[in-house]
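1. just need the structure, nothing else, for what follows:
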Amino acid sequence: MSQLTKKAIISSFYELLNKKPLSRITVKEITEHCGINRMTFYYHFKDIYDLAEISLEQKIDDIFDGEINYNNWQQNYLSIFLYALTVKNVIKNMIPNLEKRRIEEYLNQISRKIILQIIKEKKKGKICSEDDAKFISEIFQYCFSGMLLRWIENGMKEDPNVYVGRVCKIMQGTIDNAIEQCVKQP
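-> Sure, this is the predicted structure:
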């Protein structure tokens, strides 16, 4: 029952975000729209900003239902862009009201999920230290999340298939090369 209530709150929140900016949405409005009381809202979320972050995390987790591997990482990356397009109004109404640092941290978490899995797969059988693997993942996660944030900030105008294709074209093989550069020689 608790998860259903949480999903209902998130659903109401997204419906309201489709109509107006986050800064103009109140807890009272969400609870009335959802048909719950304020205490139920605060049982699930600290405040509206907590709701915004958790709802984004949950939506992105839904995108990554399947396994991430080297063969499908580009599709996973594209899925984030395609999802963003489906909730363009929500993002447009949410992003300006959240701290840019928090948004960047969140996008880095999403990118890290993809990159760490790729690196884990590509370094199998190679002697690459965990510190090097972590450093490589940080470089690429900032690249991927930075490009996603740039696309969002520019109004999501460029076709995501073309945009992601351009990013992936440059990145293809670069991860392999980075791992090879860190491989310890016997």
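2. do a quick rundown of the helices in this structure.
-> For the chain, the helices defined by DSSP state H occupy 2-17, 27-34, 38-44, 48-63, 73-86, 88-94, 100-122, 130-153, 160-171, 174-182.
3. contacting residues for L56?
-> Contacts for L56 (CB atoms under 8 Å, 6 or more residues apart in numbering) come out as 94, 106. Glycine gets a C-beta too; all of them are placed from N, C-alpha and C.
4. apply 10 Å and report the result again.
-> 10, 87, 90-91, 94-95, 98, 103, 106-107, 110 (CB atoms under 10 Å, 6 or more residues apart in numbering).
5. which stretches of the protein aren't confidently modelled?
-> Along the chain, the parts satisfying pLDDT under 70 run over 1, 60-61, 63-70, 97-99, 184-186.
6. where do the domain boundaries of it fall?
-> 1-58, 64-186 (automatic domain parsing).
7. for the contacts of L56, give me TSV that also has neighbour count and distance to I80.
-> Compiled in TSV, these are given as follows (neighbours: other CB atoms under 10 Å; distance: CB to CB, whole Å):
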residue	neighbour count	distance to I80
I10	21	18
V87	17	11
V90	22	14
I91	18	11
M94	24	15
I95	17	14
L98	15	17
I103	21	13
Y106	18	11
L107	22	9
I110	22	6
